[in-house]
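Colleague: Structure here, sequence nowhere to be found:
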């Protein structure tokens, strides 16, 4: 029997303002942001009992409840930065920071020993002037050169190749976070200053090697072909990272003659942006999944990291904006989740839809097969000034549950037991929501709200406060 929606509270979305300038083909991340911060909706125990009573005798409730919300500390100069992505490792949350308020917010570390009271214990990777640190991945590695917990941090210039900022440079910072409260810098993989930097990245291991997969949008274009959008870096010795291999979408046989600058003149007659936005790999680092915007998610066999093999890619209907932003894997790596960040659905010949999620069968990685497209029934309070208010952003998967960050929609929880028929089963939307990232850690879910900091959410009957707006299905 299909479940029916039961909306417990109405999301009260505050007004948001965005500022900043970026190339029209870039994603959200190149833009600055200043958020009007408001108070969260808080329910008394009596009010919660009234809400719970409306669920009648339901036994199977899936929801997300706010156990804690804490803003990151201001910088030493008193500036309040905004958060970007979120990651967790061994009971600590790691939050990246955005370009807003001058950037250089670094990575913020929170002790989650008590999930209802996260404590900020360290800041690191903020030493390169005029840069921002969106993405951080932390893994336990054991190489001939380093044993412990390694953090890889993306570094991007706020103003690419600016002559007035000679000390600004992009790349990947590497830190020892075995003691999360006392991070130690190990090394830096520096990119050509003509490249903005490393936008997103993924840290993984192959045996006793540690490698970083890097996304550097338009590296090929900015450097006249000297650098590439997708690079694989050996960081087994974090003090001396080494490039193993690089690739650019212009190398695909089907498209090289149809590129001009930022744009691809696609077979459907449309001029489409193509660049490497992000990359992930499976747990065993056998395959890489590269989000190449309107070229789709490109799949590589990376078992030999110095000689990867192109396998295939996802494709779009002529009326779809591609906008392959991020990816996640499910069902033992046989299912690919692809989120598409479409903030502006207008344009001749395109569907009038904001970004949504597509799910593929990739048992045959040379031929991804579309299983379903997931579109939420989120409602929003108008008007919006945020460019990215209504689009999906990042995906994470735990078991048969998909978690999606949705900017003004907060966090959406989806049952993908049957990937061909995904079903929304929960939602968390704080007031003035601007949720960037989501991460599933142990018994709770972490969300990074650009303007409000770290959110710790519990699932189902887990303990925790019920602040924020929650949609429940029964």
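Modeller: Received the coordinates, thanks. Note that the coordinates shown come from a computational prediction; the quantities given were computed from them, not determined experimentally.

Colleague: can I assume residue 195 sits in a strand?
Modeller: No. Going by DSSP: H, G, I helix; E, B strand; the rest coil, the assignment for residue 195 is coil, not a strand.

Colleague: Distance of it relative to residue 302?
Modeller: Distance of residue 195 to residue 302, given as C-beta to C-beta, to the nearest Å: 22 Å. Any C-beta I mention is one placed from the backbone N, CA and C, and that applies to glycine too.

Colleague: if you count what's nearby, which of the two comes out ahead?
Modeller: residue 195 (27 against 23; other C-beta atoms under 10 Å).

Colleague: is it true that that one touches residue 222?
Modeller: Yes. Under the criterion of C-beta atoms under 8 Å, residue 195 makes contact with residue 222 at 5.3 Å.

Colleague: shared neighbours, those two?
Modeller: Contact criterion C-beta atoms under 8 Å, 6 or more residues apart in numbering; residues shared by residue 195 and residue 222: residue 160.

Colleague: Disregarding flanking residues, what is the spatial nearest neighbour of residue 195?
Modeller: Closest residue to residue 195 apart from its sequence neighbours, by C-beta to C-beta, 6 or more residues apart in numbering: residue 219 at 4.8 Å.

Colleague: isn't that neighbour right next to residue 193, touching?
Modeller: No. Using C-beta under 8 Å, residue 219 is not in contact with residue 193; the gap is 11.7 Å.

Colleague: Quick one: residues contacting residue 268.
Modeller: residue 318.

Colleague: Tell me how many other residues crowd the nearest residue to residue 176 once chain neighbours are set aside.
Modeller: Nearest residue to residue 176, sequence neighbours excluded (C-beta to C-beta, 6+ apart): residue 184, at 4.3 Å. Residues lying near residue 184 (other C-beta under 10 Å) number 11.

Colleague: ditto for residue 343
Modeller: Neighbours of residue 343 (other C-beta under 10 Å): 17.

Colleague: Same check on the one 5 residues further on?
Modeller: A count of nearby residues for residue 348, using other C-beta under 10 Å, gives 5.

Colleague: Which pLDDT value goes with it?
Modeller: As predicted, residue 348 sits at a pLDDT of 85.

Colleague: What residues does the most centrally placed residue in the chain make contact with?
Modeller: Centroid check for the chain by C-alpha atoms, centre = their mean gives residue 394 as the closest residue, at 4.3 Å. Contacts here follow C-beta under 8 Å, 6+ apart; on that basis residue 394 touches 85, 325, 326, 339, 404, 405, 436, 437, 438.

Colleague: residues in contact with the helix or strand where the fourth one lies?
Modeller: Translated: residue 339. Using DSSP states H and E, residue 339 maps to strand 335-340. For strand 335-340, contacts defined as C-beta under 8 Å, 6+ apart pick out 289, 291, 296-297, 314, 321-330, 355-362, 368, 371, 391-395, 397, 402, 404, 416, 419.

Colleague: if we can go back for a sec, can you pull the contacts of the residue nearest to residue 195?
Modeller: Going by C-beta under 8 Å, 6+ apart, residue 219 touches 191, 192, 195, 227, 228, 229, 248, 276.
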